[in-house]
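[1] Mind looking at a prediction? Sequence and model below.
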Amino acid sequence: MENPQLLRITIDPNICHGKPCIRGLRYPVEFILELLSSGMSTEEILSDYDDLERDDILAVLLFATRLTQVKSIINISRNEETAVPFPYPKQSCRDTAMPSPLS
């Protein structure tokens, strides 16, 4: 059964280049995660961004949790000679293709 909170996360190719966003708004999931990881509290985020709701933040965390629940991570490097073993040092995960947790 799909968690109804995940319905708050939308993927639209016309909004933020198809990145997962909150309720079709221009708030990518990664942006909210960056705010939280920088030390902002949920209350601070909600006061700074009036159109967000507490359930939006919880949906972002649930979405991120689902993304990390993959069974294995495959190195998709184009060239085996330049392949870097996991964990990738100082590399952003933004460019790594991940399956959608909504499917």
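    Nice, thanks for sending it over. Residues are numbered from 1 along each chain as shown.
[2] how many other residues sit next to Gln5?
    Neighbour count for Gln5, taken as other CB atoms under 10 Å: 15. (Glycine included, C-beta is placed from N, CA and C.)
[3] doesn't Arg54 make contact with it?
    No: if you go by CB atoms under 8 Å, Gln5 and Arg54 don't touch, sitting 10.8 Å apart.
[4] shared neighbours, the two?
    Common neighbours of Gln5 and Arg54 (criterion: CB atoms under 8 Å, 6 or more residues apart in numbering): none identified.
[5] Just the helices from this structure, written as ranges.
    29-37, 42-48, 54-67 (DSSP state H).
[6] what does the model give Pro4 for pLDDT?
    With respect to pLDDT, Pro4 scores 90.
[7] State the number of residues packed around Pro20.
    Number of residues near Pro20 (other CB under 10 Å) recorded here: 22.
[8] wait, doesn't it sit right on Arg66?
    No: Pro20 is beyond contact range of Arg66, at 10.5 Å (criterion: CB under 8 Å).
[9] For Thr65, give its distance to Asn3.
    10 Å (CB to CB, to the nearest Å).
[10] of those two, who's got more company?
    Under the neighbour definition other CB under 10 Å, Thr65 and Asn3 were set side by side, and Asn3 has more, 13 against 10.
[11] Near the closest residue to that one other than its chain neighbours, how many other residues are there?
    Leaving aside its chain neighbours, Asn3 sits nearest to Leu62 (6.2 Å; criterion: CB to CB, 6 or more residues apart in numbering). Leu62 has 17 neighbouring residues, counting by other CB under 10 Å.
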